[in-house]
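Novice: Make a model of this:
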Amino acid sequence: MGKLLQSTWITLTLGGVLYLGVTGYLLLPLKAQGTPTPATEASNTTGASWEFFNPEVDRLIAELTTEKKAVVTRQEQLNELSTRLEAERAELNIILQSMRRMQKEFDRNVVRVREEETPNLKKLAKVYANMTPEGAAAIMKQMEDDQIAKFMVFMKEGETAPLLEGLSKMGEPEAKRAAAISERLRTAIFRPSAAKGNGQ
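Specialist: So this is what the prediction gives:
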């Protein structure tokens, strides 16, 4: 018998059986063992702790749910507003760029006469009005279109017509320039009233 107890297999088997027996005993419910405890008695009278009902907690949960829905709705509204603002900002940028292009185009096509230039331009207008159309056209051929349009602003129609005609007789390129100068005169910004009675 002593040899049998010293055998490793017997010892392991006996240990396993004892382990299973003790574990099974401890896992059995206390009620089945016939020894009620205060915890089991309390659970028999009031129910499980997770079945406990408190109206205040339910009210708080309802308020939190309502507030959460309100926050989600507000967030959706803010996202929608943000998207709309971004679209409007992009549209405004497009309009602004278009206006800048138009302003550049306008500035390129319009002759602006500053007040301080007026006395000198009036003198030039008198000089060119007193020249022959051919002589004036020969000089104007060397000038920029804007310079010509600026002093022609102070000339009468009867004085500008021969100069433009003389310029146009110098060939097709100069005829195109005469047309461009006429357009510049049409879009000139500064036409002072003094130009009518400056003795031209």
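Novice: Could you report the neighbour count for residue 146?
Specialist: 14 (other CB atoms under 10 Å). (Each C-beta comes from the backbone N, C-alpha and C, glycine too.)
Novice: Check which helix or strand it maps to.
Specialist: Under the assignment given by DSSP states H and E, the secondary-structure element containing residue 146 is helix 145-152.
Novice: Could you check that helix and say which residues are buried?
Specialist: Buried residues in helix 145-152, counted by 16 or more other CB atoms under 10 Å: 148, 149, 150, 151, 152.
Novice: Check which element follows that helix along the chain.
Specialist: Counting by DSSP H and E, the next helix or strand C-terminal to helix 145-152 is helix 157-168.
Novice: Please name every helix or strand in contact with the helix holding residue 146.
Specialist: helix 118-130, helix 172-186 (3 or more CB pairs under 8 Å, 6 or more residues apart in numbering; DSSP states H and E).
Novice: Only the buried residues of the shortest one, if you could.
Specialist: This points to helix 118-130. Residues of helix 118-130 classed as buried by neighbour count (16+ other CB under 10 Å): 118, 121, 122, 124, 125, 126, 128, 129.
Novice: Can you tell me which of the residues you listed is nearest residue 139?
Specialist: Comparing the buried residues of helix 118-130 against residue 139 with CB to CB picks out residue 128 as the nearest, at 7.8 Å.
Novice: ok, the buried residues of helix 118-130 vs residue 173, which is closest?
Specialist: Closest to residue 173 out of these is residue 128 (20.4 Å), distances taken as CB to CB.
Novice: where's the residue lying closest to the closest one once chain neighbours are set aside relative to residue 94, distance?
Specialist: In space, not counting the residues next to it along the chain, residue 128 is nearest to residue 136; the distance is 4.8 Å by CB to CB, 6 or more residues apart in numbering. In this view, residue 136 and residue 94 are 47 Å apart by CB to CB, to the nearest Å.
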